[in-house]
Each structure stands twice: as structure tokens, then as C-alpha cells.
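Novice: model the following, please.
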Amino acid sequence: MSVELKIDGGVARIFLDRADKANALDTPLLEALRSSLDDLTRRKDLRVAVLGGRGRVFCGGADVHELSSLTAATAGAFVERIHRVCQAIRGLPVPVVARLHGAVIGAGLEIAAACDLRIAAEGTRFAMPEVRLGIPSVVEAALLPRLIGSGRAAWLVLTGEPIDARRACEWGLVEEIGGDEAVERLLKSLLAGDREALKVQKELLQLWDEAPLADSVDRSIQLFGRSYKLRR
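Specialist: Next up, the predicted model:
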């Protein structure tokens, strides 16, 4: 099994479970992950989700064997699978917390960037090394300038050099450095929020990233009024 899913008390814990391959993202894992996320979308009892990885690392990036087999005709479909996973994470109507450790590389970093909040263990390394493999960083790498600014995003994707958890936190790529205790504290805070209000807030956060200010404000006003209507 390439993805492990546990649900308890409104908390879904999703694990990339291909530890012998550094949780490298191949087509079966990507399809299994998207299927699990799609299933979660339909659960009315879900309050928050945590995405982590089994073994020594969170994710070593795209599977090198599958990458080496791609052609001009098939490459687009492969990165589209990564994009659909990221879309599914962003489309979940609850906050998604990335629990990061070991290494977060390439497409694994794109998946982490698609989560709403990120906590990294001390010593975690982050890198976007695609240019060293002769390919560009694509799809949800486009989230990086929004998270850390254009200059720092350029540094990651142009140099391919790794940064450590401390620098990632300084840059705003992760919100906190810590282990399971930090994750549990964050979950407690998120569970204290109203489920519908958190859903709306997540929608607004994504809108604020993408829409002009005036559109963001107008939509905020509409959703604020709708929230009061739903309370009655």
C-alpha cells in the first residue's frame, strides 16, 4: 500500500507509505493519494487533515525511474497527476497540516506547499533540484513566490541547493519547527475553530493569494453575510 489513511475524532492522518523508496512519487502513489483525498472531501465529520510520510523522509520527490521513462508525449500527463493531488489538497474543505521531516524534495515540496500549514522537524532539508536534472520546476512550484517571495523562490528553483528547517522557517516556507507535540498543539487550536468558519477562511486565504484586492474584499463581505445566515 502506497498511502495509509487513519481517521479519528474528525482528524484524518494521511501518510505517504513508500518508505523503501523515500516516498518517491510514482503514478500509483499519486493516484492512491488523490483517491484518498477525494474520499475525505465527502466526509461530513472531517475537521482537519495531517499529511506526513513514513520512514526517514517526508518525500524524496518524483520517482526517478518513472521520470527517466517519460517522453515528450507522456511528461505532461505525469506532472498533471502531481497537480491534481495538489488541487485535491487545496480543495479539501478543512485545514491541511503538512508534518515534514527528513527531506522534502521537488514534487514533495510542491505537495507540502499546497497544504495550509507546515511544521518541520529539526534537521529537515528542503530543495527544488529539478534544474540539475535538466527539467524545470513546474505546477505547484508556482505557490512558492506567494509563500516566500519571488527572490527566495528563484533561489530555490534556479540553484537547486537545499535549505535547512531553520532557514525554511525564517523564509516562511514552514510555520514552525517541531515534532509530534507541535503538530498536536496545532491540531488542538484548529479543532477549537468552527468547521464552517474554517472552511470559509480557507477559501478566502486562497482567494487572497490569487485575486485583486477589490475582488477579495467584495467576496469577503459576501461570505461574512452568508456565515450569519447559516448560523440562524
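
Novice: mean confidence (pLDDT) on stretch 2-14, please.
Specialist: Averaged across stretch 2-14, pLDDT comes to 97.

Novice: low-confidence bits of this structure, can you list those?
Specialist: Along the chain, segments meeting pLDDT under 70 span 1, 229-232.

Novice: please parse it into its domains.
Specialist: 3-188, 194-231 (automatic domain parsing).

Novice: now what about the longest helix seen in the chain, what contacts it?
Specialist: Using DSSP state H to define each element, the chain has its longest helix at helix 213-231. With Cβ atoms under 8 Å, 6 or more residues apart in numbering as the test, helix 213-231 has contacts from 196-197, 200, 203-204, 207-208, 211. Heads up, the C-betas are built off the backbone N, CA and C, glycines and all.

Novice: got the buried residues for it?
Specialist: L223 (16 or more other Cβ atoms under 10 Å).

Novice: for the protein, just list every one of the helices.
Specialist: Ranges of helices in the chain, per DSSP H, are 27-41, 64-69, 75-91, 107-114, 144-148, 150-159, 165-171, 180-191, 195-210, 213-231.

Novice: out of those helices, the one nearest V131 is which?
Specialist: Closest of the helices of the chain to V131 is helix 150-159, at 6.6 Å (criterion: Cβ to Cβ).

Novice: quick one: contacts for P28?
Specialist: Counted by Cβ under 8 Å, 6+ apart, P28 has contacts S2.

Novice: ok, it to F58 distance?
Specialist: Distance, P28 to F58, using Cβ to Cβ, to the nearest Å: 18 Å.

Novice: before we move on, what about G123?
Specialist: Shown here: G123 relative to F58, a distance of 12 Å by Cβ to Cβ.

Novice: who's more crowded, the two?
Specialist: Per other Cβ atoms under 10 Å, whichever of G123 and F58 has more neighbours is F58, with 29 against 12.

Novice: re the thing from before, what subset of the contacts of helix 213-231 is buried?
Specialist: Buried subset of the contacts of helix 213-231 (neighbour count, 16+ other Cβ under 10 Å): 200, 203-204.
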